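S.K.: Coordinates only, no sequence provided:
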């Protein structure tokens, strides 16, 4: 089976998976979250008035009808109306998604460019204090909860030293004609520092440790010995020969991380009041805003699937031995 | 093998039957479940449930505590009425200073699913007085009915008012001064533009908040936070003073013309923010439009209105279906005046896309911007008829993700005041900050524990009065609220001085009294120490 067929097969699988996810999302929210009009009682709305609101949201129809309307909307590329905001979801979700991505990507780039490099160094210095310190440090960063590191950062840099902003994406208010206008500014970078480093610190441990482990495996192989025998410098062997071969698992991990990045680091977004998709998810679940919650989770699911798919394709490029065939290796 | 099994089964059946006959003569007071909020949502209501559980266990009453996610709790309580005992609350919204709403929560007309009386309390005398107070224009006469109703309601204890919790807020003393706290509203009142004045360099007041409006459509917003924002740029005929007195505002005068007609003379110097004058046409249109569009949120306010008649170019008559005591204090003080020329061609106001919603009002501030999840700003309306009483240029809002973020904003000086209460842990921290002043404002909203009166034992007023003596009110105030609150007595809070009845029965915490009263009512303790229903 060739590459083309592999791609087609994977695409079909993806569509089926996505349909299952769509259905799951619809029922999970409706069965587990309370009625979105429940909170209106507290605002003093009578039962009649609540019923009116429910009818407007289409919640008075039988569940199966709601389900098909939902599917229909989705295939027309619509996410529907938000119950809470009373406005179209798509523009809100896209903006929040971009906000999240411009926080997550810098963080991921930082951690996945530093992490593997550190991993190489650790493996090269096997058995030394450097390796020990690196592993302990990596595990520590990996297990420190992000809200905690975030709060420490806020306390130190925001409150004690008072040198870095602790909330939002920009100094408010700001004028931005469009999205890129908003982020191609020093002010945005300034606001990015604390949250991005909080996330990067959390992420850096994983690629570092993965890289170290695979490096150790690779370095036991014959071709390394050959390289040494050829008289290549340590540097060249390490980065050009060993590291390149050890990169594969890191790539998979990076792809998964990027896929999950859509949902953002919910906690970090809350701690730094970053107006991203993660905050939106919390808000939508809290207010039982079904359409909004569905849209957010759909984006997340879609992104994870697409990124996994890309990782599979990238494998073939990084490792020519990968063949797209059933039973093949 | 099979025989032995059936023998055992037979024995079991006999035992069961025997047990049931025993039970017929001795029925235990059933086990109750108290539903309350999760610890994360409100640690105080959560802990209160466990304190009550302990106290009642001492009386031989078995109680479970079930914390629920907030909207699930509300759904179960109001919409499904699926609860034994529920700890919930009513927030003190300014229109609820008029007793109508809170008194209505014990009215028999509200007992159906989704109504405001989920406990199912019904009392004919109470209902009769309710209708009388609703029709009485003379406040003093009305007050008599209102006091009597509180007495009836609290004597029968269909619910226990647990506590009134102070709003604890903070502001930066170096930037602005003049804040006037208002019961139930805290610092973020509609008088804010008139009260505060700068003591620092900035003339823009920055409010830190984690509460965002749902939307800013005056015909679609159904949250307090939408209205707390919009009421600063829409004007109303009447405003409630910090002492809860209705003041004619966009009106020169508001008077009862006869018992079904209210005559309103509007000011002649009012402009909308786009420069158009505010006329009687606009006022009439605002009310007619709310009714025509059937806007559910304001329905309880405009429901009594039959029609608005224009008498001359300054004067209107509001004709009511029947005499309605709260019309001036609630309806006229809540329904915003919207410009006819911008709204009259909009057929379905609730279908407007966010960018098409007119944001022109005639209030003291002008709408400037709203960036969802980030920022809002209002600027001073220079042509406002009381513009010279406003000493600030603008009010801006920084929208944080949560209370923690808001507090950090207060500490770093990014925000000048908080719109919503501080978390208990933040209060002590805030008190240590030199630039922050912490204020406690009493609330007239209340936290209550409502019994489902359809259940055995809970349907007995004697039982309810007895267990009312086993509610540790003092611990609530001293320990849970750290002294920042007051013990619950009546559905109309003491801070609402005019309408509150100070003579409602108070049930002091005393387990011996509780036991004595239970015994008097025929309840008895069995050998296991469990309370049993009276035998008859």
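M.R.: Yep, it's here. For clarity, every value in this text was computed on a predicted model and none was experimentally measured.
S.K.: Next one: residue B:482 relative to residue B:436, how far apart?
M.R.: Separation of residue B:482 from residue B:436 (C-beta to C-beta, to the nearest Å) stands at 17 Å. Bear in mind the C-beta positions are built from the backbone N, C-alpha and C, glycine included.
S.K.: who has more neighbours, those two?
M.R.: The neighbour count for residue B:482 versus residue B:436, taken as other C-beta atoms under 10 Å in any protein chain shown, is higher for residue B:436 (21 against 14).
S.K.: give the contact list for that one.
M.R.: By C-beta atoms under 8 Å, 6 or more residues apart in numbering or on different chains, the contact set of residue B:436 is B:170, B:171, B:172, B:173, B:410, B:411, B:430.
S.K.: with the residues you listed in mind, which one is nearest to residue B:266?
M.R.: Nearest to residue B:266 among the contacts of residue B:436: residue B:171, at 34.6 Å, using C-beta to C-beta.
S.K.: residues touching that closest one, list them.
M.R.: Contacts for residue B:171 (C-beta under 8 Å, 6+ apart) come out as B:179, B:187, B:416, B:417, B:418, B:436, B:437, B:439.
S.K.: Please name the spatially closest residue to it (chain neighbours excluded).
M.R.: residue B:417 (4.0 Å; C-beta to C-beta, 6 or more residues apart in numbering or on different chains).
S.K.: helix, strand or coil for residue B:470?
M.R.: Following DSSP: H, G, I helix; E, B strand; the rest coil, residue B:470 is assigned to coil.
S.K.: Check the gap between it and chain A for me.
M.R.: In this structure, residue B:470 and chain A are 28 Å apart, going by C-beta to the nearest C-beta, to the nearest Å.
S.K.: Which pLDDT value belongs to that residue?
M.R.: Predicted confidence (pLDDT) for residue B:470: 96.
S.K.: Just to check, it is in contact with residue B:55?
M.R.: Yes. Residue B:470 is within contact range of residue B:55, at 4.4 Å (criterion: C-beta atoms under 8 Å).
S.K.: Give me every residue in the stretch 51-200 of chain A lying close to chain B.
M.R.: Within the stretch 51-200 of chain A, the positions adjacent to chain B are A:51-53, A:56, A:84-88, A:92, A:96, A:154, A:158-159, A:162, A:166-169, A:172-173 by C-beta under 8 Å from any C-beta of the partner chain.
S.K.: Out of those, which end up buried?
M.R.: The neighbour-count test (16 or more other C-beta atoms under 10 Å in any protein chain shown) marks A:51-53, A:56, A:84-88, A:92, A:96, A:154, A:158, A:166-169, A:172 as buried among those.
S.K.: before we move on, back to that, contacting residues for the residue nearest to residue B:171?
M.R.: Residue B:417 sits next to B:169, B:170, B:171, B:172, B:176, B:179, B:187, B:188, B:205, B:206, B:207, B:208 when contact means C-beta under 8 Å, 6+ apart.
S.K.: What residue, apart from its backbone neighbours, is nearest the residue in the stretch 301-450 of chain B positioned nearest to chain A spatially?
M.R.: In the stretch 301-450 of chain B, the residue that lies nearest chain A is residue B:373 (3.8 Å; C-beta to the nearest C-beta). Of all residues not flanking residue B:373 in the chain, residue A:275 sits nearest, at 3.8 Å (C-beta to C-beta, 6+ apart).
S.K.: shared neighbours, residue B:470 and residue B:55?
M.R.: Here residue B:470 and residue B:55 have B:509, B:511 as joint contacts, going by C-beta under 8 Å, 6+ apart.
S.K.: Compare these two and say which is more crowded by neighbours.
M.R.: residue B:470 (23 against 20).
S.K.: Now do the same contact list for the residue of the stretch 151-300 of chain B found nearest chain A.
M.R.: In the stretch 151-300 of chain B, the residue that lies nearest chain A is residue B:296 (3.6 Å; C-beta to the nearest C-beta). Residues near residue B:296 by C-beta under 8 Å, 6+ apart: A:45, A:49, A:50, A:52, A:53, B:222.
S.K.: Lowest-confidence entry in these?
M.R.: residue A:45 (76).
S.K.: if I look at that residue, how far off is chain B?
M.R.: Here the criterion is C-beta to the nearest C-beta. By it, residue A:45 lies 6 Å from chain B.
S.K.: What sits closest to that residue if chain neighbours are left out?
M.R.: In space, residue A:45 is closest to residue B:296, 5.8 Å off (C-beta to C-beta, 6+ apart).
S.K.: who's the residue nearest to residue B:171 bridged to?
M.R.: Taking DSSP bridges as the rule, residue B:417 bridges to residue B:171, residue B:207.
S.K.: what are the ranges of the helices in the stretch 251-400 of chain B?
M.R.: Assigned by DSSP state H, counting those that start in this stretch, the helices in the stretch 251-400 of chain B fall at B:280-292, B:299-302, B:332-334, B:340-343.
S.K.: so which of those comes closest to residue A:35?
M.R.: The closest of those to residue A:35 is helix B:299-302. By C-beta to C-beta, the value is 19.2 Å.
S.K.: Name the helix or strand of chain B that has the lowest mean pLDDT.
M.R.: Of all helical and strand segments in chain B, the minimum by mean pLDDT, DSSP states H and E falls on helix B:2-25, at a mean of 56.
S.K.: low-scoring stretches of the stretch 151-300 of chain A, by residue?
M.R.: Applying pLDDT under 70 to the stretch 151-300 of chain A flags residues A:263-264.
S.K.: what about the helices in it?
M.R.: Counting by DSSP H, counting those that start in this stretch, one finds helices in the stretch 151-300 of chain A at the ranges A:179-183, A:186-219, A:222-230, A:234-235, A:243-246, A:248-261, A:266-271, A:277-286, A:290-318.
S.K.: Between helix A:248-261 and the second one, find me the angle.
M.R.: I take that to be helix A:186-219. Per axes from the mean of the first three to the mean of the last three C-alpha atoms, to 10 degrees, the angle that helix A:186-219 makes with helix A:248-261 is 150 degrees.
S.K.: So which of the contacts of residue B:171 wins on neighbours?
M.R.: Ranked by neighbour count (other C-beta under 10 Å), these have residue B:418 at the top, with 30 neighbours.
S.K.: Three-state assignment for the closest residue to that residue other than its chain neighbours, please.
M.R.: Nearest residue to residue B:418 in three dimensions, chain neighbours excluded: residue B:169, at 5.1 Å (C-beta to C-beta, 6+ apart). Using three-state DSSP, the structure places residue B:169 in strand.
S.K.: Return the residues in contact with residue B:169.
M.R.: Per C-beta under 8 Å, 6+ apart, neighbours of residue B:169: B:181, B:186, B:187, B:417, B:418, B:420, B:421, B:422, B:438, B:439, B:441.
S.K.: In the stretch 1-150 of chain A, which residue sits closest to chain B?
M.R.: Residue nearest to chain B within the stretch 1-150 of chain A (C-beta to the nearest C-beta): residue A:47, separated by 3.0 Å.
S.K.: thinking again about what came up before, now go through the buried ones among the residues of the stretch 51-200 of chain A next to chain B and say which are in strands.
M.R.: Among these, DSSP state E puts none in strands.
S.K.: Could you check stretch B:58-68 and say which residues are buried?
M.R.: Residues of stretch B:58-68 classed as buried by neighbour count (16+ other C-beta under 10 Å): B:59, B:60, B:61, B:63, B:65, B:67, B:68.
S.K.: could you redo these as a markdown table and give each row pLDDT, secondary structure and distance to residue A:113?
M.R.: As requested, the buried residues of stretch B:58-68 are exported to a markdown table (pLDDT from 0 to 100; DSSP: H, G, I helix; E, B strand; the rest coil; distance: C-beta to C-beta, whole Å):
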| residue | pLDDT | secondary structure | distance to residue A:113 |
| --- | --- | --- | --- |
| B:59 | 95 | coil | 66 |
| B:60 | 95 | coil | 68 |
| B:61 | 96 | coil | 64 |
| B:63 | 96 | strand | 58 |
| B:65 | 97 | strand | 51 |
| B:67 | 96 | strand | 45 |
| B:68 | 93 | strand | 46 |
